[in-house]
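In: no letters, just coordinates:
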């Protein structure tokens, strides 16, 4: 499994991602945003942060960065792409995933541990979890309010493409469990082919007991298990 | 030159005469402007210097003491911690978002200038009462500004503190502490040395923003301050993120002689200070300074406080390498002059010399004033108040719930939820407990960080307040299991030209110095902020302390909340606290009064060492010191998720439950550790008692067996967790 993490100017979770892969027993390489090719990589991670300052709109400038055309080619050819937080925003901006991420309901940035339900444990990113398992991962964003129109939402739900849903500690996907106003409490979705995943929570911040717990480790294990 | 010119820039007639004498001629307009900012209180410390000299600043752990952009402490194995705290009070008072944001940006530059990668930010904030709409507006704006900058640049905001008091109405305090990690061999300094070496400006272009920020910070806030909004800079965290990466790369490449950020007084201050430290001169051709707007005068270029700029002196011949690094990060670098051997700050434009001033006259020869000091009359009045007859006005449960909703005491999750406190994945102890704890990646050790100051106690007795701020910081640090190493300070006071204010300043600093000496925690740097006054009032004197402690093994960090039910609870320290200056007294009696008995610093030090000894023996499950709100509040904070049942040895109910005062801790330990812990306390001669057990749905406290408080845990928890959000949302 060859893993590349794209470093945009303004990314700030790229090193955390690299460290998380190391903790999980894998090496990940940094890819400068001006690289024209991502050939040879099995997985491209678009990390969290504020690419290009999030100016204009989160992810709106990053989609035009030199590396993106080849990331899109990689995805269209079935390669794995994993967008976390700002990476998810970039994926919706560049059209690899549907919908958009709006300002949080309540308009405040939110950084807090958040319970999630694993809605689809059959993806390349989540097969180490049990279906319906409740995990706790940190969220950390100002624009994580996922929106998609009614038809798109129906499609996502019917095709089982909602991978994570915000829930309360006891597993209720209601307003109390929703940190940002996302439609249907959606925290993460996957492309129709299942190879592109975008999510707002930060699994790379939850792979060690000392730092935020270990609930995020399953995602890394899922991906690594796929190499055989 | 008309006297109005120099007076308008903040120079006294006497100071102007000194300048003329030193130059042997009349200065020109640009030179007067340069002197005015360099001799401003903000840049010259002309009032505070004689007092600050009394701080202990040395110790085996000090790698860099005061005088540089930040202090550095040795944490072993070749690692150092660079840290400093600074105020951004005046800008935040009139433009809270940008004022606070650029406060974060400025202090972060001080850290990476030293060659350290910033790993944490802490914010110590003071606001007026939230019953006033303007104070809510300021709180909201400041918190958004801190988050807006820190979250974007990707440095976690891991801690700090927030107090509310009418004394800060209209003049909030925004004190930002930044902390970085470096390898000893990468320490960089801000000295310009070696005649002929180039002087380069890197990062953002120079514009007209923030002109006179330094002089603006050196006067009181008035109704006209609003019109000085243009003196507030605008921050660009994206630019600073790129600048930080580029500068760290330059420092690691080993091609820099000196590097300094451009903060207050911009190019004037950074060039003068770098030359001053290097014993050199600097020549700058203003035509070469990259600008973001046209038609700027030399005066504007020299005084601009445009953010995200650095001044660097690389080795001659490495200019191209500097440019290559900056270009890769999408930034500009320009050679604007060179280091000279003549000790002059010389500016040219169009080939003509337009200013030529001895660097020493701007820096070490800046005037120093011994201001008169006089004890204010209120001190004796407050001290004389008789608090002996106080009886609870309401049941203890009601008092507790009201204290838990008191904005100063209540949980601050409304604040820290807006800050990314985890980026970097080193934050081992999250906000909301005691000290913040970070691991050092690649090492076993960790650092504990805290900011502390009780402004009200400092108002009542400045010496006590200064010493207690250091002591409380140390208590927080040892509770986490870390050994206190050193401090930075941010000294916020009113107008020092008033003898009563200057007395507060002298006394508070003497208290800080005494405690630092007693605890062997030297001062490695800091910042003074005077003129924190509105027409209505001066702020409460606030000598904010930022402390760094060291954990030998970060895995052994001790939580500030009960981890489990069924553990033994202990009270370390006196059974009764002090009602003088307490939150209880203020909230329920409307009083700020009482006598504060002198702090026994050696005894407090011994108690700190006992707590550390208990940690080292692995006996403690949780630890927290008793602060605002007293024992009952500290117990609730620890037991909110677990519950507790305790029986205190006795004492008067108000002093025992809600009294504050130094040297009091709540500790817990597993039942099987009780005997060993008690024996250790006896060996150290500590007042120590097992008072109860964790667990249950209630918080119950008895006094000598008699029921004193019986509260529903969930209700206390809800009050503590929701009160601030309820007020703000």
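Out: Looks like it arrived, so ask away. Computed from a predicted model, the values in this text were never measured in an experiment. Numbers count the residues shown, from 1 in each chain, chains lettered A, B, ... in the order given.
In: count the residues that sit near residue B:588.
Out: Residue B:588 has 19 neighbours, counted by other C-beta atoms under 10 Å in any protein chain shown. C-beta: built from backbone N, CA, C; applies to glycine.
In: and it, what helix or strand is that in?
Out: helix B:583-589 (DSSP states H and E).
In: so which elements touch that helix?
Out: helix B:396-405, helix B:653-658 (3 or more C-beta pairs under 8 Å, 6 or more residues apart in numbering or on different chains; DSSP states H and E).
In: what's the longest one packed up against?
Out: I take that to be helix B:396-405. Checking 3+ C-beta pairs under 8 Å, 6+ apart, helix B:396-405 ends up next to helix B:583-589, helix B:630-639, helix B:653-658, strand B:706-712, helix B:713-728.
In: can you check the last one too?
Out: For helix B:653-658, the elements it packs on are helix B:396-405, helix B:583-589, helix B:630-639, strand B:698-703, strand B:706-712, judged by 3+ C-beta pairs under 8 Å, 6+ apart.
In: dump these into TSV; add mean pLDDT as well.
Out: As requested, the helices and strands packed on helix B:653-658 are exported to TSV (pLDDT from 0 to 100):
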stretch	mean pLDDT
helix B:396-405	98
helix B:583-589	96
helix B:630-639	97
strand B:698-703	97
strand B:706-712	96
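In: can the helix or strand encompassing residue B:108 be said to contact chain A?
Out: Using DSSP H and E, residue B:108 sits within helix B:96-112. No. Helix B:96-112 stays clear of chain A (C-beta under 8 Å from any C-beta of the partner chain), getting no nearer than 12.7 Å.
In: could you point out which element follows that helix?
Out: Downstream of helix B:96-112 (by DSSP H and E), the next one is strand B:117-127.
In: check which residues of the helix or strand just after that following strand are buried.
Out: Per DSSP H and E, the first helix or strand lying C-terminal to strand B:117-127 is helix B:133-153. The neighbour-count check on helix B:133-153 (16 or more other C-beta atoms under 10 Å in any protein chain shown) flags B:135-136, B:138-153 as buried.
In: ok, helix B:133-153 near chain A or not?
Out: Yes. Helix B:133-153 lies within reach of chain A by C-beta under 8 Å from any C-beta, at B:144, B:147-148, B:151-153.
In: would you mind checking which of those residues is nearest to residue B:266?
Out: Nearest to residue B:266 among these: residue B:153, at 20.6 Å, using C-beta to C-beta.
In: could you check how far that closest one is from residue B:423?
Out: As judged by C-beta to C-beta, to the nearest Å, residue B:153 and residue B:423 stand 9 Å apart.
In: between these two, which contacts overlap?
Out: residue A:12 (C-beta atoms under 8 Å, 6 or more residues apart in numbering or on different chains).
In: buried ones in stretch B:514-530?
Out: B:514-516, B:518-519, B:521-530.
In: and what of stretch B:464-482?
Out: For stretch B:464-482, using 16+ other C-beta under 10 Å, the buried residues are B:464-482.
In: same check on stretch B:315-326?
Out: For stretch B:315-326, by 16+ other C-beta under 10 Å, it's B:318-319, B:322-323, B:325-326.
In: give me the mean pLDDT for it.
Out: Across stretch B:315-326, pLDDT averages out at 95.
In: spell out which parts of chain A neighbour chain B.
Out: Residues of chain A lying near chain B (C-beta under 8 Å from any C-beta): A:9-10, A:12-13, A:15-16, A:19-20, A:48-50, A:52-55, A:106, A:108-112, A:138, A:140, A:142, A:202, A:204-205, A:208, A:210-212.
In: and if we set it to 6 Å?
Out: Chain A has residues A:9-10, A:12, A:16, A:50, A:53, A:108-112, A:138, A:140, A:205, A:210-211 near chain B, with proximity defined as C-beta under 6 Å from any C-beta of the partner chain.
In: now, which of these sits nearest residue B:303?
Out: Nearest to residue B:303 among the residues of chain A next to chain B, with distances taken as C-beta to C-beta, is residue A:53, at 26.8 Å.
In: give me the number of residues near residue 122?
Out: Since you didn't name a chain, this refers to chain A. Residue A:122, neighbours per other C-beta under 10 Å, totals 12.
In: can you look at chain B instead?
Out: By other C-beta under 10 Å, 24 other residues sit near residue B:122.
In: again with residue B:4
Out: Residues near residue B:4, counting by other C-beta under 10 Å: 8.
In: helix/strand/coil for it?
Out: helix (DSSP: H, G, I helix; E, B strand; the rest coil).
In: how close does residue B:455 sit to residue B:656?
Out: 25 Å.
In: ChimeraX command to pick out the buried ones of the residues of chain A next to chain B?
Out: Of the residues of chain A next to chain B, the buried ones go into a single ChimeraX selection, burial set by 16+ other C-beta under 10 Å:
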select /A:9,10,12,16,50,53,108,109,110,111,138,140,205,210,211
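In: in strands, which of the residues of chain A next to chain B fall?
Out: Counted as lying in strands by DSSP state E, out of these, are A:110-112, A:138, A:140.
In: between those residues, which is closest to residue A:71?
Out: residue A:140 (22.9 Å).
In: surely the closest one and residue A:110 touch.
Out: No. Residue A:140 lies out of contact with residue A:110 (C-beta atoms under 6 Å); the separation is 7.5 Å.
In: can you get me the start-to-end distance on stretch B:182-198?
Out: 26 Å (C-alpha to C-alpha, to the nearest Å).
In: leaving aside the residues adjacent along the chain, what's closest to the residue of the stretch 51-200 of chain B found nearest chain A?
Out: In the stretch 51-200 of chain B, the residue that lies nearest chain A is residue B:154 (2.5 Å; C-beta to the nearest C-beta). The shortest distance from residue B:154 to any non-neighbouring residue, by C-beta to C-beta, 6 or more residues apart in numbering or on different chains, is to residue A:12 (2.5 Å).
In: tell me the contacts of that neighbour?
Out: A:49, B:154, B:423 (C-beta atoms under 6 Å, 6 or more residues apart in numbering or on different chains).
In: so which of the helices and strands packed on helix B:653-658 is the most surrounded?
Out: helix B:630-639 (a mean of 26; mean count of other C-beta atoms under 10 Å in any protein chain shown).
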